[in-house]
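S.K.: Model the following, please.
(one chain, ligands or ions: 1)
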Amino acid sequence: MKTVVYPGTFNPITNGHTDLVERASSIFDRVIVAVGTSKQKSNYAPLETRVNVTREVLAHIKNVEVTGFDGLLTDFVRSQGANLILRGLRTVADFEYEFQLVGMNRKLAPAIETIFLAPDEEFSYISSTLVREIAALGGDISSFVAPPVIKALEEFS
Ligand code: COA
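M.R.: Now for the predicted structure:
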């Protein structure tokens, strides 16, 4: 049984994240979507809400679990009995940051590997920060995110 952990802040979850989870669910037996909190980003809603919204958006994918985590990602991955982290690479701009994360996580936990998938190119320009900004300015975000996200962003604006 191969388990992969897909971590992120999902702040909010976008159609690009969903595309990546759908791809992962056809490759792995179990996909754990781990919703964390970034100290650097302003979170649109508390962790519990981001977990619930992410769970609702991904409910159609059968081998996916959504859970919140606090603390080190590598500790969480171990606690799930897993040794694989999944991250998405949208464009070359993501590479530098992702490469840093891989290196740091590998130092912390050499037995844990990170693998990458690319979302469909139609999602390569979506970012959670831009979605939050467009929503805050009253723009239409319905082609970037699922309805539960729109509802939550309205609720927490
Ligand atoms: N489609 C569209 N957008 C995507 C995407 C995809 N497939 N994959 C990533 N993104 C975007 C997101 O929208 C987000 O945009 P933003 O920067 O505007 O918010 C960005 O890429 C990255 O977001 P996300 O995938 O949610 O990850 P993150 O970089 O916010 O998450 C953690 C970082 C949670 C994995 C990392 O901080 C962590 O591991 N934290 C735990 C503490 C820890 O262990 N720290 C030490 C790490 S070495």
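S.K.: what residues are up against the nearest residue to residue 89 once chain neighbours are set aside?
M.R.: Of all residues not flanking residue 89 in the chain, residue 116 sits nearest, at 4.8 Å (C-beta to C-beta, 6 or more residues apart in numbering). C-beta coordinates here come from the backbone N, C-alpha and C atoms, glycine included. By C-beta atoms under 8 Å, 6 or more residues apart in numbering, the contact set of residue 116 is 86-89, 98.
S.K.: Tell me which of those fall in helices.
M.R.: Among the contacts of residue 116, the members found in helices (DSSP state H) are residue 98.
S.K.: Mind checking which of the contacts of residue 116 are in strands?
M.R.: Secondary structure from DSSP state E places 86-88 of the contacts of residue 116 in strands.
S.K.: any idea which of these has the most stuff around it?
M.R.: The most neighbours of any of the ones in strands among the contacts of residue 116, using other C-beta atoms under 10 Å, belong to residue 86, which has 23 neighbours.
S.K.: Quick check: it vs the ligand, distance?
M.R.: Remark: distance between residue 86 and the ligand (C-beta to the nearest ligand atom, to the nearest Å) = 10 Å.
S.K.: List the residues that contact that residue.
M.R.: With contact set as C-beta under 8 Å, 6+ apart, residue 86 has these partners: 4-6, 20, 24, 31, 114-117.
S.K.: OK, contacts around residue 142?
M.R.: Listed by C-beta under 8 Å, 6+ apart, the contact partners of residue 142 are residue 150.
S.K.: So it: helix, strand or coil?
M.R.: Following DSSP: H, G, I helix; E, B strand; the rest coil, we place residue 142 in the coil state.
S.K.: Which elements pack onto the helix or strand hosting residue 18?
M.R.: According to DSSP states H and E, residue 18 maps onto helix 15-25. Packing partners of helix 15-25 (3 or more C-beta pairs under 8 Å, 6 or more residues apart in numbering; DSSP states H and E): strand 3-8, strand 30-35, strand 84-88, strand 113-117.
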